[in-house]
Every structure is written in C-alpha cells, then in structure tokens.
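Visitor: Can you look at this prediction? I've put the sequence above it.
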Amino acid sequence: TWNNVPLAPEDSIFKLTATYKVDTFPQKVNLGVGAYRDDNSKPWVLPVIKAASQALFNDPNLDHEYLPITGLPEFTSGAARLILGGDSPAIAENRVCSVQTISGTGANHLGALFLSRFYDFNGPKQVYLSDPTWANHFAIFRNVGIDPLTYKYYDPKTIGLACDEFLAALASAPDRSVFLLHACAHNPTGVDPTREQWNQIADAMLQKGHYAFFDCAYQGFASGDLDGDAWAVREFVKRGVPMLVCQSFAKNAGLYSERIGALHVVGSSTEVAKRVRSQLAVLTRSEISNPPAHGARLVALILNNPELFEQWKEDIRTMASRIIEMRKELYRLLTEEFKTPGTWIHIVNQIGMFSFTGLNAEQSQALIDKAHIYLTTNGRISMAGLNTGNIRYFAENLDKVVRG
Ligand code: PMP
C-alpha cells in the first residue's frame, strides 16, 4: 500500500524556520516567519490575552461542552462588528451570516468550499488571486475544485501597486468573476491600494458584477487602527459589492495556535443570510463537527468588555508602532548611514508585517548563505523579525548584497 504516494515538498516557510533553528551562528536573524516578535526577538503574549485568560480561569461556570456548529455566538457577533463596524448597515439589516472557523485558513477554506458548492460561476470554477499572494491561497482553492488564476497586483519597477493592470484585469474578467482581495497589509508585498484606488476597484467590481472574497488576516496590524484597517471592507459593504470576509485573530491577538477566526458572508436579505448560514453549518458539521472553544472565549471576552477592548487596542498599537519604528530605522540606515544604492522609500510606504525589499532571489540567497539572515527568496522580510539589536547588522548586510 501507498507505493504510489509521491513525496511532497516541505512547506518553504516552515523549512526556512527549521534551518534557522539549527543554525548556531550567534547573530543569525529570522525574517521569514509571519509572527510578531518583541524587541528581544521573543514571541509576545498580549497583556490583554493574559487578562482574559485569567478571567476564564476564574470563571466557576466554565465547562467543556460542545459549542454550536457555527461557533460561540458572543464571538461571532463581536467579530462581525469588529470587521464590518458597529454601525454597519448590513448588520443592522440582519443580513450578515457569521460562522466561527479554524483561524483565517479555515475561513478561507470554508468560504472557498461554499463558493464551490453554491456560487453561480459564469463558466468554469475559477478565482482570481493577486500576483503575488499568500501561497496557501492556491492550495486552498484547488482543494475545493476552484482553479486559481492571477491578476497583476505588484509592479517590481515601482515596488508598488500595478493599479492600471489590476483595473484592466477586473474589466476583462468574465462577468461575476470571484476576486480575492487582501483587506489590508497585503501579504507578501506590504503594498495596499489607497482609498481612491479602492474606490476604483469597487467601481470596476460593481460594473462587472464581480464577487469580492476579502481575506483579512492583519486588522489592526497595518496601522495600529482596527477601524482604519477595515475601511475597504466597510466601504465595499456600503457600496453594495457582493462579498464575504475571512477574518483571523492569529496576528492581531497573538493567538496563532488557538486557531480562532470567522467567515462573514454579507447577504442581500435576512432570508438569504439564513439560508447561507444553514449551508455553512452543514459544511462545518461534516468537516469539524463544531469549532474549538478556548480562542473564541478569549476573543469574545475582549470584544464584549469595554475595558479589555481598550487594553487590546493598546496592545495592537504596541505591536504596530514597533513595526513602523523598524521601517523608519531601516530606511534611515540604508539611505543615511550606508547610502545603499537604489531607492528605499517603499520600506516606509509599505504596510503591515511584511516588506517586499525588492531584493532578487540571488541577493536573498546571499543574505542566507553569507550573513545567516533568513528570508524567502522573493525578497520578502517580516518586519517583526527586526529589532534594535539586529537591525544594523541586517542593514549592513543588505547593503553588501546590493553592492554585489
Ligand atoms: N491569509 C493571509 C493573507 C495570511 O497571511 C495568513 C497567515 N499567514 C492567513 C490568511 C491565515 O492565517 P491563520 O490561519 O493563522 O489565521
């Protein structure tokens, strides 16, 4: 048995981390991993999570019964308000269906599976992904029989948005195509559309009747502002673009291993939302029966308790501002101290956890081989891997590989 099973390649990011771990070089730097690190390169348990965990621990009524199939209601309703806004017309009109998922990955999967079963595709089952995108998007859609195509998103010449090409792709795709959009802090580029560009994207989507599949894995991380980072999603709801949102609490609550997320499908009426919900429950039942409770309880406490919510916002600002400081310092080091050839303004203009440095595969590999600085060979670095102790070492070596 299983003689015909081919060997699959290892996941490149997880492999990179494994190589970093066994490296004994004292100044080694890991810029591959998409997880927040504090200024001492350590994982950070948010103070608000410690407070919420304590509250849960002290709750005498807590039991370990199954949750409902669609998740903890206090969590899903709070999560919907967080992304869509407390004043969302769709929530007020009771036409949002929200289901708890296995973090953002599970939300993407459930959203994709739902589309595969029920979306009225205009021809073959296809989804348009940004080029580049989070690599897992390809696998997630293929798993449910939806063929991933790409649209031009990133312009290597400007290290910015290829807006015209993006708009052209929206215009030339068949009517009612599905476009996956990163709600904020695009992974891997760190390049987001401006509000004006989002409006142009919404115009094009409405004109063609396209469906927006929003993936929101970094709300609050991009700017430190939960509402600001949800702007595009809320604007699309306001403008009536048909859509769903995948939401993750891995990064903004530091709950990577709790696997807590949600899928929100915005329907055209209460009746539609009810039917969508019934089908999402059927799909969830067959895959995980019902979702895990711990992360949902923690996030529900934070979302429904004003004091904890304020504390969370403070913690998010702590993470976002450290990342923004690192961007500024890297820019300063490259332009002022090392006078590294090339323009580096994209380092401060990009948003969120990741930065596309513009380094090519050879230069990225040279950083790994010569300086023990680990990054993916597309030149993406996790800004959270930089700190006051290693940023000069990184800038110095970046300078060296650029000079060749
Ligand atoms: N979408 C994007 C764009 C991501 O970058 C990530 C995390 N790397 C996810 C979804 C899902 O993450 P998780 O399943 O840990 O919430």
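Guide: Received it, and whenever you're ready, just let me know what you need. Here the structure is a predicted model, which means the values were calculated and not measured.

Visitor: What is the neighbour count of residue 126?
Guide: 16 (other CB atoms under 10 Å). In this view, the C-beta of every residue, glycine as well, is placed from N, C-alpha and C.

Visitor: List the contacts of it.
Guide: Residue 126 is in contact with 146, 147, 148, 149, 177, 178, counting by CB atoms under 8 Å, 6 or more residues apart in numbering.

Visitor: For the third one, name its beta-bridge partners.
Guide: Following DSSP bridges, residue 148 is listed with bridge partners residue 127.

Visitor: Do I have it right that it meets residue 138?
Guide: Yes - taking contacts as CB atoms under 8 Å, residue 148 lies within contact range of residue 138: 4.9 Å.

Visitor: Find residues that contact each of the two.
Guide: In contact with both residue 148 and residue 138: residue 129, using CB under 8 Å, 6+ apart.

Visitor: Show me this structure divided up by domain.
Guide: The chain breaks down into these domains under automatic domain parsing: 12-44+320-403, 73-304.

Visitor: how far does the shortest one sit from the chain's center?
Guide: On the basis of CA atoms, centre = their mean, to the nearest Å, domain 12-44+320-403 is displaced by 19 Å from the centre of the chain it belongs to.

Visitor: residues near residue 400, how many?
Guide: Residues contacting residue 400 under the criterion other CB under 10 Å number 16.

Visitor: residues contacting it?
Guide: 370, 371.

Visitor: any idea which element it lies in?
Guide: helix 391-403 (DSSP states H and E).

Visitor: Buried ones in that helix, by neighbour count?
Guide: Judged by neighbour count (16 or more other CB atoms under 10 Å), helix 391-403 contains these buried residues: 391, 393, 394, 395, 397, 398, 399, 400, 401, 402.

Visitor: Give the other helices and strands that the strand or helix carrying residue 300 contacts.
Guide: For residue 300, the enclosing helix or strand under DSSP H and E is helix 294-304. Helix 294-304 sits against helix 47-57, helix 73-84, strand 260-266, helix 306-332, with contacts defined as 3 or more CB pairs under 8 Å, 6 or more residues apart in numbering; DSSP states H and E.

Visitor: Distance from the chain centre to the last one, please.
Guide: It stands for helix 306-332. With CA atoms, centre = their mean, you get 17 Å for helix 306-332.

Visitor: how big is the angle separating it from helix 294-304?
Guide: Counting by axes from the mean of the first three to the mean of the last three CA atoms, to 10 degrees, helix 306-332 points 100 degrees away from the direction of helix 294-304.

Visitor: what angle separates helix 306-332 from helix 391-403?
Guide: Going by the same axes, to 10 degrees, helix 306-332 makes 40 degrees with helix 391-403.

Visitor: what comes up buried for helix 306-332?
Guide: So helix 306-332, judged by 16+ other CB under 10 Å, has buried residues 308-309, 311-313, 315-320, 322-327, 329-332.

Visitor: near the ligand, which of those show up?
Guide: Checked against the ligand using CB under 6 Å from any ligand atom, those yield no neighbours at all.

Visitor: Check the spacing between residue 142 and the ligand real quick.
Guide: 16 Å (CB to the nearest ligand atom, to the nearest Å).

Visitor: what's the answer for residue 380, then?
Guide: 11 Å.

Visitor: What is the burial count for the closest residue to that residue other than its chain neighbours?
Guide: In space, residue 380 comes closest to residue 188 once its chain neighbours are excluded; the distance is 4.2 Å by CB to CB, 6 or more residues apart in numbering. Burial measure for residue 188: 23 neighbouring residues, criterion other CB under 10 Å.

Visitor: Check whether residue 188 really touches residue 354, as I assumed.
Guide: Yes - assessed by CB under 8 Å, residue 188 is found in contact with residue 354 at 5.3 Å.

Visitor: Which neighbours do the two have in common?
Guide: residue 380.

Visitor: thinking again about what came up before, nearest to the ligand, of the buried residues of helix 391-403?
Guide: residue 394 (21.7 Å; CB to the nearest ligand atom).

Visitor: got a pLDDT number for that closest one?
Guide: We have a pLDDT of 97 for residue 394.
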